[in-house]
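[1] whatever this is, show me its structure:
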Amino acid sequence: MMPLTGKKRTTAAADPCCCSDAPGRGDAAASSCCDGSASGGEDSGQPCCGGPQAPAASPMARPGYELHPFVETFRTTLAGPVPVVRTSLDRRDFRGTLGARLGYGRDGYRVAPGLYAVGRPGPDSPVLVTADYKLSFDALRRELSGIDAWILVLDTRGINVWCAAGKGTFSAAAVARLVEASGLARVVSHRRLIVPQLAAPGLDARDVRRRCGFTVMFGPVRAADLPAFLRAGNRAEPAMRRVTFTLSERLAVAPVEVYHARKWLWWAALAALAVSGIGPGVFSLAAVWERGVWLVAAILAGLVGGALVVPVFLPWLPGRAFAFKGAIAAGGLGLLTVLAQAAWAPAAVSSAGRLAMVLVAGSLGSYLAMNFTGSTPFASPSGVEREMRRAMPLQAVGLVIAAILWIISAF
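    Numbering: from 1, shown residues only. Here you go, the predicted structure:
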């Protein structure tokens, strides 16, 4: 029952209505309720007291497990019962998707590895392989309406297909282990696995065949193209092989970066206010407000520039390195912040302080923009490592120089 995943079932508190020690109930009342002489009672099929009776337990329920809402029923196979999942998403799926996109509960948003089914698959039905990240699982099953297929969900530690391939969890060894553990060879008569093309960087197809005897066939990049791929006899059009990074796809990965910023943003703002109070009088609360608010504004400019402006304007920002694109975008916003400061409170910050504001925004935006390197087809793993080795020392130096300039500008 491996795919019957879930949480430990909790035991509901017993209804005290038929207990003599229930608050406000005497022995006579309890006796008349429990012996069935009262209106209703167990024999009549109606509750003796309280609200409407709850629905009966699902016949698919198992002790110690909780059935996930996306499981429709079970299909009996030679390898045991296999959960059949719905191809339509409900409000709980959309709520979970929204949370994952925003970064809330993202790490635990996964389904149990194992064998699933959609429709009424048989021995000849295709086997589609995916990751245990719930967004990947949902993206696949929602495209399989009207299709009979098996779904093999790998344990990728809750990571999507592409990232899991890069991190080594979507590997030939993992596929072979799950094929054996699920008893797939007893469920299907063929020996073919359809794997997302994005898994190719980490999956050796020949190694899979050597380990478990199944042949790997790389499917399209997007799950939305799977129905056409299957109808065409497992043939992919050239467009199905192309990795895109459209505006909507770029915006989808931006909110999580802003959400994660909450971990350091408050501390950065407090540090900026504290540093801004240093001056000729040792420490000034007035300076904390007059100067500190503009340094905090520069930090926010770096956050917006690196986490939002870069993904939106990625194709049009100069340079190839994400660190450079982030420095340009956030540095530009930092310059706009300086112009606003010069117009709103020209005496609050000197020229050295204004340079510090631009450096803070540019360095911070440059660092945050590098978070998108793993979401795009623009960079390879080795290219990302090379960019980080070069950019991070420069970003650190930029922040140190900005801090020195900001303190000096107060004297």
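[2] quick one, strands of the chain?
    Using DSSP state E, the strands assigned to the chain run over residues 71-77, 80-85, 114-118, 127-131, 149-154, 192-195, 215-218, 278-279, 282-283.
[3] next one: the last one to chain centre, how far?
    Computed by Cα atoms, centre = their mean, to the nearest Å, the separation of strand 282-283 from the middle of its chain amounts to 45 Å.
[4] that strand pairs with which strands?
    Sheet pairing of strand 282-283 (DSSP bridges) gives strand 278-279 (antiparallel).
[5] which residue ranges form the helices in the stretch 101-250 of the chain?
    Applying DSSP state H, counting those that start in this stretch to the stretch 101-250 of the chain gives helices spanning 134-141, 161-167, 172-182, 184-187, 205-212, 226-231, 247-252.
[6] buried stuff in the last one?
    If I follow you right, that is helix 247-252. residue 250 (16 or more other Cβ atoms under 10 Å). To be clear about C-beta, it is placed using only N, CA and C from the backbone, and glycine gets the same treatment.
[7] which elements pack onto that helix?
    Contact here means 3 or more Cβ pairs under 8 Å, 6 or more residues apart in numbering; DSSP states H and E; on that basis helix 247-252 packs against helix 310-312.
[8] average pLDDT across the helix it packs on?
    Average pLDDT, helix 310-312: 92.
[9] so, low pLDDT: which residues of the stretch 251-400 of the chain?
    In the predicted model, the stretch 251-400 of the chain carries pLDDT under 70 at residues 374-381.
[10] swap in 50 and give it another go.
    Along the stretch 251-400 of the chain, the model assigns pLDDT under 50 to no residue.
[11] do a quick rundown of the helices in it.
    Under DSSP H, counting those that start in this stretch, the stretch 251-400 of the chain gives helices at 255-260, 262-276, 285-290, 292-304, 310-312, 322-344, 351-369, 381-408.
[12] so which of the ones you listed is nearest residue 197?
    Smallest distance to residue 197 across these (Cβ to Cβ): 16.8 Å, for helix 381-408.
[13] and that closest one, what's buried?
    Neighbour-count burial for helix 381-408 [16+ other Cβ under 10 Å]: 384, 387-388, 391, 395, 398-399, 402-403, 405-407.
[14] got the angle for it vs helix 322-344?
    Using axes from the mean of the first three to the mean of the last three Cα atoms, to 10 degrees, the direction of helix 381-408 lies 30 degrees away from that of helix 322-344.
[15] before we move on, the earlier item: got a markdown table for the strands of the chain, with distance to residue 347 too?
    Below are the strands of the chain laid out as a markdown table (distance: least, Cβ to Cβ, whole Å):
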| stretch | distance to residue 347 |
| --- | --- |
| strand 71-77 | 66 |
| strand 80-85 | 65 |
| strand 114-118 | 66 |
| strand 127-131 | 56 |
| strand 149-154 | 62 |
| strand 192-195 | 64 |
| strand 215-218 | 64 |
| strand 278-279 | 14 |
| strand 282-283 | 20 |
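[16] in JSON lines, list those along with mean neighbour count and distance to residue 330.
    Below are the strands of the chain laid out as JSON lines (neighbours: other Cβ atoms under 10 Å; distance: least, Cβ to Cβ, whole Å):
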{"stretch": "strand 71-77", "mean neighbour count": "16", "distance to residue 330": "46"}
{"stretch": "strand 80-85", "mean neighbour count": "20", "distance to residue 330": "43"}
{"stretch": "strand 114-118", "mean neighbour count": "24", "distance to residue 330": "44"}
{"stretch": "strand 127-131", "mean neighbour count": "27", "distance to residue 330": "33"}
{"stretch": "strand 149-154", "mean neighbour count": "24", "distance to residue 330": "38"}
{"stretch": "strand 192-195", "mean neighbour count": "21", "distance to residue 330": "38"}
{"stretch": "strand 215-218", "mean neighbour count": "17", "distance to residue 330": "38"}
{"stretch": "strand 278-279", "mean neighbour count": "16", "distance to residue 330": "25"}
{"stretch": "strand 282-283", "mean neighbour count": "9", "distance to residue 330": "29"}
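[17] which one of those lies nearest to residue 341?
    Comparing the strands of the chain by Cβ to Cβ, strand 278-279 comes nearest, at 17.3 Å.
[18] still on that earlier bit, looking at the helices of the stretch 251-400 of the chain, which is buried most?
    helix 351-369 (a mean of 26; mean count of other Cβ atoms under 10 Å).
[19] other SSEs contacting that helix?
    helix 292-304, helix 310-312, helix 322-344, helix 381-408.
[20] mind putting the ones you listed into a markdown table with distance to residue 64?
    Shown next, in a markdown table, are these (distance: least, Cβ to Cβ, whole Å):
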| stretch | distance to residue 64 |
| --- | --- |
| helix 292-304 | 45 |
| helix 310-312 | 44 |
| helix 322-344 | 47 |
| helix 381-408 | 41 |
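[21] out of the ones you listed, nearest to residue 359?
    Between these, helix 381-408 lies closest to residue 359; by Cβ to Cβ that is 3.8 Å.
[22] the inter-axis angle of the closest one versus helix 351-369?
    Using the same axes, to 10 degrees, helix 381-408 lies at 160 degrees relative to helix 351-369.
[23] what angle separates helix 381-408 from helix 262-276?
    30 degrees.
[24] just checking, what packs against helix 381-408?
    Here helix 381-408 touches helix 262-276, helix 322-344, helix 351-369, going by 3+ Cβ pairs under 8 Å, 6+ apart.
[25] dump those into JSON lines; add distance to residue 69 as well.
    Output for the helices and strands packed on helix 381-408, formatted as JSON lines (distance: least, Cβ to Cβ, whole Å):
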{"stretch": "helix 262-276", "distance to residue 69": "30"}
{"stretch": "helix 322-344", "distance to residue 69": "39"}
{"stretch": "helix 351-369", "distance to residue 69": "36"}
